[in-house]
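Visitor: Need coordinates for the following:
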Amino acid sequence: MHRIKSALILCLSLSSHAFSAESFGTFKAPAASPQDLSSIMASYQNDRDVLTTIQGTVGQVCEEKGCWMTLDDKGASVRVVFKGYSFFVPAKLKGLRVVAEGVLRRKTQSVAEQQHYLKDAGASATDVQAVKKPLNIFEFEASGVRTL
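Guide: This next block holds a predicted model:
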């Protein structure tokens, strides 16, 4: 009977640990309600550099070392990079809901940068070579990411 109780306690502790939130990087602001990604993109002003919190589902994670991810929410999508490469995220975040704190920016992504990200994501050589011109995108520079 003692073994059964010990095994049950171990299983419960392992399962609760598997579902606990994980944090990467640092959150600077007090816990704020996440902004809707599509709304913040629609109201974006080029000169704005405002610290904000967003949430969404992780789509892709850099397969090389976890140095970027994509975040999808209600039809909007943004590439998330990590401030000063100060932290990385594991590939196991794919499909999970996360909260990210940081700065949304509009930028022009060069052909070389697009190709680099495609290679990081495991794209075929054909897909990489198909990129021929710069692309205007939104990018979110996160100081912190936390699973929900």
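Visitor: Show the subsequent helix or strand relative to the worst-scoring helix or strand of the chain on mean pLDDT.
Guide: Lowest on mean pLDDT, DSSP states H and E among the helices and strands of the chain sits helix 2-18, with a mean of 44. Using DSSP states H and E, the helix or strand that follows helix 2-18 in sequence is strand 23-25.
Visitor: Mind giving me the packing neighbours of that next one?
Guide: strand 135-147 (3 or more Cβ pairs under 8 Å, 6 or more residues apart in numbering; DSSP states H and E). Every C-beta, even on glycine, is put in place using the N, C-alpha and C of the backbone.
Visitor: How far off centre is the strand it packs on?
Guide: Distance, stretch centre to chain centre, for strand 135-147: 7 Å (Cα atoms, centre = their mean, to the nearest Å).
Visitor: Can you tell me the element Glu113 falls in?
Guide: With DSSP H and E as the test, Glu113 turns up in helix 111-120.
Visitor: Would you mind pulling the contact partners of that helix?
Guide: Applying Cβ atoms under 8 Å, 6 or more residues apart in numbering, the contact partners of helix 111-120 are 62-64, 67-68, 79, 109, 127-129, 131-135.
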